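**Student:** Okay, predicted coordinates and the sequence, questions at the end:
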Number of protein chains: 2
Amino acid sequence: MTKKEKILYAALRLFANKGFADTSTAELAKAIGVAESTIFYHFGSKEDLLLEVLREVRREVLRHFEEHERVQAYSCGLEKVEGLLGFYLYLSGVMEDAFLLLHRHYPYMLARENEVCREQLEAIYNCFIELFEQAVALGRADGSVADVRQRKVAMVLFTMVDGLARFKTYNLYDAGALFDEMIASVRKILTQPLSPRTDV
Amino acid sequence: MTKKEKILYAALRLFANKGFADTSTAELAKAIGVAESTIFYHFGSKEDLLLEVLREVRREVLRHFEEHERVQAYSCGLEKVEGLLGFYLYLSGVMEDAFLLLHRHYPYMLARENEVCREQLEAIYNCFIELFEQAVALGRADGSVADVRQRKVAMVLFTMVDGLARFKTYNLYDAGALFDEMIASVRKILTQPLSPRTDV
DNA sequence: TTTGCTACTGAGTAATCACTCAGTAGCGTT
DNA sequence: AACGCTACTGAGTGATTACTCAGTAGCAAA
């Protein structure tokens, strides 16, 4: 691994676990045994380093989902939705640092004024929601999913699984124990038709 | 408002919006027109100030929920669950800074080594989940909620609404538009009985 | 051998950081 | 008038911050 790559991955680890402001370039350099100025030689500034880290996170996340899409076969749309939810949670463990970084506030603050940052974040989130929505659409087509509002349901599903992934990486409570319950809930959401009026 | 209170609320606002590490005591002092040393006179250190802020957030959040519990009447458990979810989202707007702070990573990092911090966070989250669980239990008793695993369902509900609140305060997408969909989903989760085997 | 280029570094720098401290203004009690 | 106390401050402190820059080692082409 080149020194540039070492810096990139160490930065991901430290920015994710300690936060951007709480990680000094001196500390980062010391952690991998390079001179502090090497960081600035390769990346220009600390903020540009973060942007490069986000770019790398985007590449990795999309690569993982494309790979999953390519190799994993599902018998119906409902099963695919459930599979994707599981894969999301699995990824949040495999790419723990990346998800930790995505659950921090700093990147979203930066995104407000920095177009490059905004671009990476949007690409990542669009990828997630698109995949969920496509799986729901597939389910509607093959009959495994009832009549639901595709886009909105996909976003609710994403909200659920991302919230769970966040609690998992924050160690707030056991995500594994909750996952089964979430899947059961998702099945109810997707198999029951749109708002069967229950009043009076 | 005393200078001490001014410092406390300005700290909440700045810690929530800029982050703990990114808010300097000099900036905080300047924002409210007091000497920087006044902060240390009242709170001792920057970290102790954060702990005091979290204590205040805890007091406010619990007060709001107790008030809501006291004045709001619901005709059945299911309706109460839905009401609580709406109230949670409403609160995340009214107490935006507090929720922003609770959605940051720093307090949870601090909680690992600081008992006082851990205590405040646990009190807040326990309050939420307890209320949701009680409402679910009420629903089971009055028949508006089907046979479900109370605790786990309550946690899934909390995961959903907290995720939505987070996206709302991060301005990722329109929470209002998603809320109706979430309520519809919650109704499906709570009114359909436990896992009716759908295989083959 | 000279030249040019990339990768990298140690020694800086000004600015900012959290925090300290001696001192004071105001006010109630004796 | 003297005292004691609380609230508050301005002027510091040494440490740390992101970043700069002149210089060097190594290697490839001329």
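**Tutor:** Yep, that arrived. Residues are numbered from 1 along each chain as shown, chains lettered A, B, ... in the order given.

**Student:** Could you pull up the mean pLDDT of the longest helix along chain A?
**Tutor:** When chain A is parsed with DSSP state H, its longest helix is helix A:115-142. Helix A:115-142 carries an average pLDDT of 95.

**Student:** helices and strands around it, which ones?
**Tutor:** Using 3 or more CB pairs under 8 Å, 6 or more residues apart in numbering or on different chains; DSSP states H and E as the contact test, the elements touching helix A:115-142 are helix A:46-71, helix A:77-94, helix A:106-113, helix A:150-169. Backbone N, C-alpha and C define where each C-beta goes, glycine included.

**Student:** Nearest to DNA strand D among those would be which one?
**Tutor:** For DNA strand D, the closest of the helices and strands packed on helix A:115-142 is helix A:46-71, at 3.4 Å, according to CB to the nearest atom of the strand.

**Student:** and the closest one, anywhere near chain B?
**Tutor:** No - using CB under 8 Å from any CB of the partner chain, helix A:46-71 stays clear of chain B, coming no nearer than 12.6 Å.

**Student:** swap in stretch A:166-175?
**Tutor:** Yes - Stretch A:166-175 reaches chain B (CB under 8 Å from any CB) through A:166, A:167, A:170, A:171, A:172, A:173.

**Student:** The residues you listed, buried ones only, as a ChimeraX selection?
**Tutor:** Command for ChimeraX, covering only those of those found buried under the criterion 16 or more other CB atoms under 10 Å in any protein chain shown:
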select /A:166,167,170,172
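
**Student:** ok, of the residues of stretch A:166-175 next to chain B, which one's closest to residue A:28?
**Tutor:** residue A:170 (23.2 Å; CB to CB).

**Student:** which residues touch the closest one?
**Tutor:** By CB atoms under 8 Å, 6 or more residues apart in numbering or on different chains, the residues touching residue A:170 are A:103, B:105, B:108.

**Student:** Make sure residue A:84 is actually in contact with residue A:135.
**Tutor:** Yes - counting by CB atoms under 8 Å, residue A:84 touches residue A:135, with 5.6 Å between them.

**Student:** joint contacts of those two?
**Tutor:** By CB under 8 Å, 6+ apart, no residue touches both residue A:84 and residue A:135.

**Student:** circling back to that earlier point, return only those of the contacts of residue A:170 found close to DNA strand C.
**Tutor:** Checked against DNA strand C using CB under 7 Å from any atom of the strand, the contacts of residue A:170 yield no neighbours at all.

**Student:** Which members of these are classed as buried?
**Tutor:** A:103, B:105, B:108.

**Student:** As JSON lines, the residues you listed with pLDDT would be great.
**Tutor:** Output for the buried ones among the contacts of residue A:170, formatted as JSON lines (pLDDT from 0 to 100):
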{"residue": "A:103", "pLDDT": "95"}
{"residue": "B:105", "pLDDT": "95"}
{"residue": "B:108", "pLDDT": "94"}
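
**Student:** since we're on residue A:161, how many residues are nearby?
**Tutor:** Neighbour count of residue A:161, defined by other CB atoms under 10 Å in any protein chain shown: 27.

**Student:** Let me fix that, I meant to ask about residue A:44.
**Tutor:** Neighbour count of residue A:44, defined by other CB under 10 Å: 12.

**Student:** do residue A:186 as well
**Tutor:** Using other CB under 10 Å, residue A:186 has 23 neighbouring residues.

**Student:** do the same with residue A:18
**Tutor:** Other residues near residue A:18 number 17, with proximity taken as other CB under 10 Å.

**Student:** quick one: contacts for it?
**Tutor:** By CB under 8 Å, 6+ apart, the contact list for residue A:18 reads residue B:109.

**Student:** Just the pLDDT at it, thanks.
**Tutor:** 96.

**Student:** just how off-centre is the longest helix of chain A within its chain?
**Tutor:** Put simply, helix A:115-142 sits 11 Å off its chain's centre (CA atoms, centre = their mean, to the nearest Å).

**Student:** Check which residues of that helix are buried.
**Tutor:** A:117, A:120-121, A:124-125, A:128-129, A:131-136, A:138-140.

**Student:** for stretch A:145-153, same thing?
**Tutor:** A:145, A:148, A:150, A:151, A:152, A:153.

**Student:** how close does the residue nearest to residue A:104 when sequence neighbours are not counted sit to DNA strand C?
**Tutor:** Using CB to CB, 6 or more residues apart in numbering or on different chains and skipping the chain neighbours, the partner closest in space to residue A:104 is residue B:105 (5.4 Å). According to CB to the nearest atom of the strand, to the nearest Å, residue B:105 and DNA strand C sit 17 Å apart.

**Student:** what's the answer for residue A:95, then?
**Tutor:** Counting by CB to the nearest atom of the strand, the gap from residue A:95 to DNA strand C is 25 Å.

**Student:** Residue A:62 is in contact with that residue, correct?
**Tutor:** No - counting by CB under 8 Å, residue A:95 stays clear of residue A:62, with 11.6 Å between them.

**Student:** hang on, the earlier thing: could you dump the buried ones among the contacts of residue A:170 to a markdown table with distance to DNA strand D?
**Tutor:** Putting those into a markdown table (distance: CB to the nearest atom of the strand, whole Å) gives the following:
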| residue | distance to DNA strand D |
| --- | --- |
| A:103 | 21 |
| B:105 | 17 |
| B:108 | 21 |
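
**Student:** Out of the residues you listed, which comes closest to residue A:190?
**Tutor:** residue A:103 (25.8 Å).

**Student:** check contacts around that closest one.
**Tutor:** Going by CB under 8 Å, 6+ apart, residue A:103 touches A:165, A:166, A:169, A:170, B:105.

**Student:** Return the residues in contact with the third one.
**Tutor:** Looking back up the chat, that one is residue A:169. So residue A:169 contacts A:92, A:96, A:99, A:100, A:103 (CB under 8 Å, 6+ apart).

**Student:** Among these, which ones are in helices?
**Tutor:** A:92, A:96, A:99, A:100.

**Student:** distance of the nearest residue to the third one once chain neighbours are set aside from residue A:179?
**Tutor:** Counting by CB to CB, 6+ apart, residue A:92 is the residue found nearest to residue A:99 once chain neighbours are left out, at 4.3 Å. As judged by CB to CB, to the nearest Å, residue A:92 and residue A:179 stand 11 Å apart.
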